[in-house]
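Colleague: Pasting a predicted model and its sequence here:
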Amino acid sequence: MSGRLNIVVADTVTTVRDQLAISLPDAIGSSGLDVHVSTAGDVESVWEHLETSRVDCTVVSTRMVDESGERLVSTLRTEGVPVVSFMRTDPSPDEIEHLGEVIYDAARNTVGSVDYRMLFDAVDVGLAVRDYETLSLIDVNERYVELLGVDEETLCSRFETTPRAAPDVPEISSASIRRMVGVEGSDKHEFTCSYERPDGEVRWFHVSLTATTISGEKRLISTVEDATDEHARKRDLERNRELLERTQCISKVGGWAFDLETETLEWTKQTKRIHEVPLDYEPTTDDVLEFYAPEDRETIHALVERCQNEGVLWEEEFLITTATGSERWVRACGEPVITGGEIVALRGTIQDITARRSREKELQQANEELEALNRIIRHDIRNDMAVIVGWAEYLEDHVDEDGRSVLARILSTGRHTIEITQVARDLIETMSGGVTETHPVSLQETLDRELTVRREAFPTAEFRVDGDVPDVMVRANPLLTSVFGNLFNNAVQHTKSDPVVTVSATLDNHVVRVSVADNGPGIPNRRKDVVFGKGEHGLNSTGTGLGLYLVNMLVESFGGDIHIEDNDPTGTVVVIELPLASP
């Protein structure tokens, strides 16, 4: 063979194309033959070479597929130019030399009839030649034998009588197969099927059947490729999609994507469920805005514009009206999709938060009811009890000796009730978020004020101040008075007779430590960690069990800490650490 041989090497891998372009001219050995190799990296380039220049042979990677998803090797075999396929991504010198020989022989033969034997061993797909009428096996290549897991002799004899036991022939009649593939290569049939090898291993194969003429005889050519990994990936993908779909249904979170180039909008199934539209609904940007209130549409448009132009992420909550007229609250999120430094699409999620919004509304209503209760306690009950205590105090000069003990109980109970209303008021304000904001508060002034009030309330108790209270500002708010007020009350109430309450304060770096000590019975070690719980109080306590709970909540809200120590020789010391306010 002499003259010029024009070859097109097609592969999506640049390094393989370049390697073959350099190596094939030497591998195709023939004196007087000028070998010219062109390369193509995509299907469009291959067709351009075939249409605009002379091509004596196309060398095509089995990895390449055409625009319809079919393997390019199969498509090109109907174009009248010899086709040699290869699969290796790093061919060795021996493989390149062998490939060169096959190319030489393929180009030398008449294009109209395929000398299939020369091509069999050069391709990495299973090839089988069958009788067009009986479908009996005539010849197979090594790859076919390897894929099916039997030797060639056994293979041909095994499938001669039962051809449809092979993976490349479906379980239908010979006539039906011939109708599928036609004659003379005018049509082909492709499918994917499973096959159990003799060793028990089940593999999935992609099969292509084509009718052609070889040496004047009608033949059925089968190509068989291992698709086990591809099938497993598809099954995993399907399972992942099912899992994602179930997750979206449970969490009520849907997804969306907007292609900026095509201006097409896509919704997931859950997004369609949230909007109560059919699953075959095709959304558009104009339709989407109709689900939102007119006053929100400008906001949504601005968010999308900013995300598209500046790449700014967004997350907002809106009220929508579904296709069936239902109102739902949703949280919509969006982000840019950037490719090559440019924003090419937007994507995001949408979540049905109607239930959460309902709970928030119920909570808001409960808070309003708590506030109303707080006002009632603060105003009505406290005022009425103050009147009762006032009249009882008026009776102190008008009762005899026997009635004094009864009057004392009335006064004690009345004053205790007023104290309960004060604790309840502070507790409600704290639990409803009334202590989230802090500012500098004078420690010295707060302690002086509370000590003055308690000395008047408990004339039989002695309140002492050990040393000087530092003149500093702590991070707190007006409820700091409730902290010390409750501690002073507890100290007196837990001491049976001659109560003595000692207050001291020291500075330590950015913290002031305040100690409130009493001479009562003390608190056992096993209870020191639990006395700050809600409803906790001693067996002999006359308190509500809320005082120390409130103290702990307030101190923590100020960023401080509280703990209990033993007093010497008896009693309890409550230690509070409060952060100093910033200058």
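Modeller: Nice, thanks for sending it over. Residues are numbered from 1 along each chain as shown.
Colleague: where exactly do the strands run in the stretch 451-583 of the chain?
Modeller: 462-465, 473-476, 500-508, 511-517, 561-566, 572-579 (DSSP state E, counting those that start in this stretch).
Colleague: Would you convert the ones you listed into JSON lines that also reports distance to Glu401, mean neighbour count and mean pLDDT?
Modeller: C-beta: built from backbone N, CA, C; applies to glycine. Below are those laid out as JSON lines (distance: least, CB to CB, whole Å; neighbours: other CB atoms under 10 Å; pLDDT from 0 to 100):
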{"stretch": "strand 462-465", "distance to Glu401": "27", "mean neighbour count": "14", "mean pLDDT": "94"}
{"stretch": "strand 473-476", "distance to Glu401": "47", "mean neighbour count": "21", "mean pLDDT": "93"}
{"stretch": "strand 500-508", "distance to Glu401": "29", "mean neighbour count": "17", "mean pLDDT": "94"}
{"stretch": "strand 511-517", "distance to Glu401": "37", "mean neighbour count": "20", "mean pLDDT": "95"}
{"stretch": "strand 561-566", "distance to Glu401": "41", "mean neighbour count": "15", "mean pLDDT": "92"}
{"stretch": "strand 572-579", "distance to Glu401": "36", "mean neighbour count": "20", "mean pLDDT": "94"}
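Colleague: out of those strands, nearest to Thr134?
Modeller: Nearest of the strands of the stretch 451-583 of the chain to Thr134, taken as CB to CB: strand 561-566 at 91.9 Å.
Colleague: packing partners for the closest one?
Modeller: Counting contacts by 3 or more CB pairs under 8 Å, 6 or more residues apart in numbering; DSSP states H and E, strand 561-566 is packed against helix 547-557, strand 572-579.
Colleague: now the shortest one and strand 511-517, what's the angle there?
Modeller: Orientation of strand 572-579 against strand 511-517 (axes from the mean of the first three to the mean of the last three CA atoms, to 10 degrees) gives an angle of 160 degrees.
Colleague: could the helices and strands packed on strand 561-566 be laid out in TSV, adding distance to Asp468?
Modeller: Formatted as TSV, these follow (distance: least, CB to CB, whole Å):
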stretch	distance to Asp468
helix 547-557	23
strand 572-579	17
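Colleague: Which one of these lies nearest to Arg526?
Modeller: Using CB to CB, those put strand 572-579 closest to Arg526, at 14.1 Å.
Colleague: In its sheet, which strands sit next to that closest one, and in what direction?
Modeller: strand 511-517 (antiparallel), strand 561-566 (antiparallel) (DSSP bridges).
Colleague: Please, which helix or strand holds Val224?
Modeller: strand 217-226 (DSSP states H and E).
Colleague: Leu395 against Leu407, yeah?
Modeller: Yes. In this structure, Leu395 is within contact of Leu407 by CB atoms under 8 Å, at 5.9 Å.
Colleague: any idea how far Arg77 is from Asp199?
Modeller: 33 Å (CB to CB, to the nearest Å).
Colleague: Neighbour count for the two, which is higher?
Modeller: Neighbour totals were compared for Arg77 and Asp199, and Arg77 leads with 22 against 7 (other CB atoms under 10 Å).
Colleague: doesn't Thr210 make contact with that one?
Modeller: Yes. Using CB under 8 Å, Arg77 makes contact with Thr210 at a distance of 7.3 Å.
Colleague: got a list of what Arg464 touches?
Modeller: By CB atoms under 8 Å, 6 or more residues apart in numbering, the contact list for Arg464 reads Val500, Val501, Thr502, Val503.
Colleague: Please enumerate residues in contact with the strand holding Val224?
Modeller: Residues outside strand 217-226 that contact it (CB under 8 Å, 6+ apart) are 62, 71, 73-74, 116, 125-133, 135, 138, 143-144, 147, 167-169, 177, 181, 183, 203-213.
Colleague: Which parts of the stretch 401-550 of the chain are helices?
Modeller: Counting by DSSP state H, counting those that start in this stretch, the stretch 401-550 of the chain has these helices, from start to end: 401-431, 443-457, 480-493, 547-557.
Colleague: which one of these is the most hemmed in?
Modeller: helix 480-493 (a mean of 24; mean count of other CB atoms under 10 Å).
Colleague: Rebuild the contacts of Arg464 as CSV, extending it with distance to Pro91.
Modeller: CSV is the format used below for the contacts of Arg464 (distance: CB to CB, whole Å):
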residue, distance to Pro91
Val500, 98
Val501, 94
Thr502, 93
Val503, 90
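Colleague: from those, which single one is nearest Pro25?
Modeller: Closest to Pro25, out of all of these and judged by CB to CB, is Val503, at 100.9 Å.
Colleague: I figured the closest one hits Asp518, correct?
Modeller: No. Counting by CB under 8 Å, Val503 stays clear of Asp518, with 10.5 Å between them.
Colleague: Endpoint to endpoint, stretch 516-527 covers what distance?
Modeller: Using CA to CA, to the nearest Å, one end of stretch 516-527 lies 18 Å from the other.
Colleague: Stretch 505-514 now?
Modeller: This stretch, stretch 505-514, spans 4 Å end to end (CA to CA).
Colleague: now do stretch 504-518
Modeller: For stretch 504-518, the first-to-last residue distance is 12 Å (CA to CA).
Colleague: helix, strand or coil for Arg331?
Modeller: Using DSSP: H, G, I helix; E, B strand; the rest coil, the structure places Arg331 in strand.
Colleague: er, His206 I mean
Modeller: Per three-state DSSP, His206 ends up strand.
Colleague: Give me the nearest residue to it, chain neighbours excluded.
Modeller: In space, and not counting its chain neighbours, His206 is closest to Ala227: 4.3 Å by CB to CB, 6 or more residues apart in numbering.
Colleague: now swap in Tyr144 and tell me
Modeller: Nearest residue to Tyr144 in three dimensions, chain neighbours excluded: Gly126, at 3.4 Å (CB to CB, 6+ apart).
Colleague: Phi first, then psi, for the one you found.
Modeller: The phi and psi values for Gly126, taken as degrees, to the nearest 10, are phi -70, psi 130.
Colleague: Ile103 now?
Modeller: phi -60, psi -40.
Colleague: Tell me who's in contact with Glu577.
Modeller: Residues near Glu577 by CB under 8 Å, 6+ apart: Val511, Val512, Arg513, Val514, Gly560, Asp561, Ile562.
Colleague: Tell me the one among those nearest to Thr417.
Modeller: For the contacts of Glu577, the residue nearest Thr417 by CB to CB is Ile562; the value is 26.5 Å.
Colleague: Would you confirm that that closest one contacts Met553?
Modeller: No. Applying CB under 8 Å, one finds Ile562 not in contact with Met553, separated by 10.1 Å.
Colleague: give me the beta-bridge partners of Val65?
Modeller: Arg71.
Colleague: ok, so what distance separates it from Glu190?
Modeller: 11 Å.
Colleague: which residue sits farthest out from the middle of the protein?
Modeller: Here the chain reaches farthest from its C-alpha mean at Asp400, the gap being 78.1 Å by CA atoms, centre = their mean.
Colleague: So which residues of the stretch 151-300 of the chain form strands?
Modeller: Under DSSP E, counting those that start in this stretch, the stretch 151-300 of the chain gives strands at 188-196, 202-214, 217-226, 253-259, 264-267.
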